[in-house]
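> Okay, sequence plus prediction incoming.
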Amino acid sequence: MLRERIKRKAHEVVYSTGTRDPMKICEAKSIPIYYDDLGKQIMAYHTVIKRIPAIVLSTRNSEFENTYSCGHELGHHFCRHKGNAEHLDRKNLRFSSIGDEAEANEFMVDLMLDGINKRDFETKEQLLKACGIPLWAERYVEL
C-alpha cells in the first residue's frame, strides 16, 4: 500500500466512525478486542478466525501502550495484510521503512493524527504526546 493510500484509508476510517481513538474504532467496526498475557515481548496481535477479525492486547501493557498497539493492529486489518497473526513486539518498536510493519505503523500515526492541525504544536514531541503516539514513531510524522 502506498503512503497516500494509507493516509486516505485512515481518514476514511476516522470519518466513518467519528473518532481517532483505536479502541472506539474497534467498537464501531465490530472488531472484538481480547486481553491475554502475551508474555514480556508481544504487545498485541491481529488475527482472523473464520473470516472474523480480532485484536488481542497484552494484559502487561499500560493503557497508553494498548491504545497505540490497537492502532497498529488496525493498520494490519485495514491495509489487508495477509498474515494471520501480525503482532507488535517490544523489541521491534522502532522505525521501519518497508513491509507490513511499516505500513501498520504509518496507519497508526495517520489514524491518530487525522484532523489534527500539526502547526498548533511547537515540536513533534508535543504533538505525539498530545495525540497518544509513542515517541519511537516520530519518523512517521510529516510536518
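Structure's in. What do you need?
> Mind checking what helix or strand follows the least confident helix or strand in the chain by mean pLDDT in sequence?
The helix or strand of the chain with the poorest confidence is strand 86-89; it has a mean of 66 (mean pLDDT, DSSP states H and E). Later in the chain than strand 86-89, the nearest helix or strand by DSSP states H and E is helix 99-113.
> quick one: that following helix to chain centroid distance?
From the chain centre to the centre of helix 99-113 is a distance of 6 Å (C-alpha atoms, centre = their mean, to the nearest Å).
> got the residue ranges for the helices in this protein?
For the chain, the helices defined by DSSP state H occupy 3-17, 22-28, 63-78, 99-113, 124-131.
> Tell me which of those helices sits nearest to Ala137.
helix 99-113 (5.5 Å; C-beta to C-beta). Any C-beta I mention is one placed from the backbone N, CA and C, and that applies to glycine too.
> what angle separates that closest one from helix 3-17?
Orientation check (axes from the mean of the first three to the mean of the last three C-alpha atoms, to 10 degrees): helix 99-113 against helix 3-17 gives 50 degrees.
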